[in-house]
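Engineer: structure here, sequence nowhere to be found:
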């Protein structure tokens, strides 16, 4: 992502690369710590001048590689022959691209290979190759991903509404599955946004609007249904494991139940679970997270909270008379909204 950000449209580095592509001169550009790269150098000219797109374009006409500082603000060396370890495995065929892949595997540098004939820009980071595509192509992919994300978000809202009203009918895992699918799609779109640079601002605004509240709902959902929610370490571990699940495992309700601490052999549709109340309380305006935590700790579950009197709510540290009325009103509104939504869906 850092490498894509450095070469995104609108940056000076991308302007220089585009000039090289248009001129069909080709180039091999290395971005990294010059002192750490020195052992790979053979010959060349030391410049140490400020970077500019025009300088990069002119210097690319020379043979050899161009070495830029780690933040790409200085042109350190030009006309350099790089000599990476020849035993490093590479699947590339051209001399320039073979060198680029080996240098990226042997060092922490970002390596850019501009093909002279094919007008293709290849980015190498830690041995991974990424081909920079034309802006219209990336925009098309980003828009397609946004359309998919919009469908995912609509489905997430539907199942989330059901969960609020039908806490005991197995919808928990469906919501968890959908919220993770939405999150993963958003991460993919973020990469497109970085690659688009200044051309991706509208996509970024659309993504931000679509993702409002998703992260908070995901965290509250895990807190509500995690078997053991005594400390932040358990929550962090489940969040990390959920992120690492393969797509196939994410579609497996048994695997999701196991992740939350339940026996995957049980019938997830028949196993009764009770929410702690984090998700519902999180939807009440101006209710701090610390107060939500205290309320959940005090009552232990959503059922107990709904059955509690105003006086019992007021005794919770940080609530008081006015906030207790706000909480009661907020819970009532949530119930009304969900009844209307369920009626409209049916």
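Structural biologist: It's in. Small disclaimer: the values here were computed from a predicted structure and weren't measured. Numbering: from 1, shown residues only.
Engineer: for this protein, what spans make up the strands?
Structural biologist: Assigned by DSSP state E, the strands in the chain fall at 27-31, 41-42, 45-50, 65-68, 74-82, 110-114, 121-125, 128-132.
Engineer: mind listing residues that contact the third one?
Structural biologist: Meaning strand 45-50. For strand 45-50, the external contacting residues (C-beta atoms under 8 Å, 6 or more residues apart in numbering) are 55, 73, 74, 75, 76, 77, 78, 79, 80. Quick note: C-beta positions are derived from backbone N, CA and C, even for glycine.
Engineer: check contacts around the closest residue to the first one other than its chain neighbours.
Structural biologist: The spatially closest residue to residue 55, leaving aside those adjacent along the chain, is residue 75, at 6.0 Å (C-beta to C-beta, 6 or more residues apart in numbering). The contact partners of residue 75, by C-beta under 8 Å, 6+ apart, come to 47, 48, 49, 50, 51, 55, 56, 59, 66, 67, 68.
Engineer: report the beta-bridge partners for the last one.
Structural biologist: Note on residue 68: beta-bridge partners by DSSP bridges are residue 31, residue 75.
Engineer: I'd say it and residue 80 touch.
Structural biologist: No. Counting by C-beta atoms under 8 Å, residue 68 stays clear of residue 80, with 11.4 Å between them.
Engineer: for the strands of the chain, give me a markdown table that also has distance to residue 149 and mean pLDDT.
Structural biologist: Listed next are these as a markdown table, based on distance: least, C-beta to C-beta, whole Å; pLDDT from 0 to 100:
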| stretch | distance to residue 149 | mean pLDDT |
| --- | --- | --- |
| strand 27-31 | 32 | 95 |
| strand 41-42 | 46 | 92 |
| strand 45-50 | 41 | 93 |
| strand 65-68 | 36 | 95 |
| strand 74-82 | 40 | 94 |
| strand 110-114 | 29 | 95 |
| strand 121-125 | 25 | 94 |
| strand 128-132 | 22 | 92 |
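Engineer: now tabulate the ones you listed in a markdown table and tack on distance to residue 278.
Structural biologist: Putting the strands of the chain into a markdown table (distance: least, C-beta to C-beta, whole Å) gives the following:
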| stretch | distance to residue 278 |
| --- | --- |
| strand 27-31 | 45 |
| strand 41-42 | 57 |
| strand 45-50 | 53 |
| strand 65-68 | 48 |
| strand 74-82 | 50 |
| strand 110-114 | 42 |
| strand 121-125 | 39 |
| strand 128-132 | 38 |
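Engineer: for residue 303, which non-adjacent residue is spatially closest?
Structural biologist: residue 274 (6.1 Å).
Engineer: mind listing the helices for the stretch 51-200 of the chain?
Structural biologist: Here the stretch 51-200 of the chain has its helices, by DSSP state H, counting those that start in this stretch, at 53-59, 95-106, 135-165, 171-196.
Engineer: distance of residue 306 from residue 276?
Structural biologist: 12 Å (C-beta to C-beta, to the nearest Å).
Engineer: likewise residue 9?
Structural biologist: Computed as C-beta to C-beta, the residue 9 to residue 276 distance reads 47 Å.
Engineer: those two: which has the busier surroundings?
Structural biologist: residue 276 (24 against 16; other C-beta atoms under 10 Å).
Engineer: looking at the chain, which residue lies furthest from center?
Structural biologist: Ranked by distance from the centre of the chain (C-alpha atoms, centre = their mean), the top residue is residue 311, with 43.6 Å.
Engineer: state the pLDDT value of that one.
Structural biologist: Looking at residue 311, its pLDDT reads 85.
Engineer: swap in residue 272?
Structural biologist: 67.
Engineer: what about the stretch 151-300 of the chain, any weak spots by pLDDT?
Structural biologist: By pLDDT under 70, the low-scoring segments of the stretch 151-300 of the chain are 164-171, 229-231, 266-272.
Engineer: apply 50 and report the result again.
Structural biologist: Low-confidence segments of the stretch 151-300 of the chain, defined by pLDDT under 50: 167-170.
Engineer: what about residue 53, how many residues nearby?
Structural biologist: Other residues near residue 53 come to 17 when the count uses other C-beta under 10 Å.
Engineer: surely residue 132 is in contact with residue 124?
Structural biologist: No. Applying C-beta under 8 Å, one finds residue 132 not in contact with residue 124, separated by 11.6 Å.
Engineer: who's more crowded, the two?
Structural biologist: More crowded of residue 132 and residue 124, by other C-beta under 10 Å: residue 124, with 24 against 21.
Engineer: and the spatially most central residue of the chain, how far is that from residue 215?
Structural biologist: Compute the mean C-alpha point of the chain, and by C-alpha atoms, centre = their mean the closest residue is residue 187, 3.3 Å away. To residue 215, residue 187 is 12 Å away according to C-beta to C-beta.
Engineer: kindly report the same for residue 80.
Structural biologist: Separation of residue 80 from residue 215 (C-beta to C-beta) stands at 45 Å.
Engineer: now swap in residue 64 and tell me
Structural biologist: Residue 64 is 47 Å from residue 215, by C-beta to C-beta.
Engineer: looking at these two, which is more packed in?
Structural biologist: More crowded of residue 64 and residue 215, by other C-beta under 10 Å: residue 64, with 19 against 13.
Engineer: so who does the more buried one touch?
Structural biologist: Counting by C-beta under 8 Å, 6+ apart, residue 64 makes contact with 28, 43, 44, 78, 79, 80, 81.
Engineer: nearest spatial neighbour of residue 289, skipping sequence neighbours?
Structural biologist: Nearest-residue entry for residue 289: residue 282, 7.8 Å, with adjacent residues in sequence omitted and distances by C-beta to C-beta, 6+ apart.
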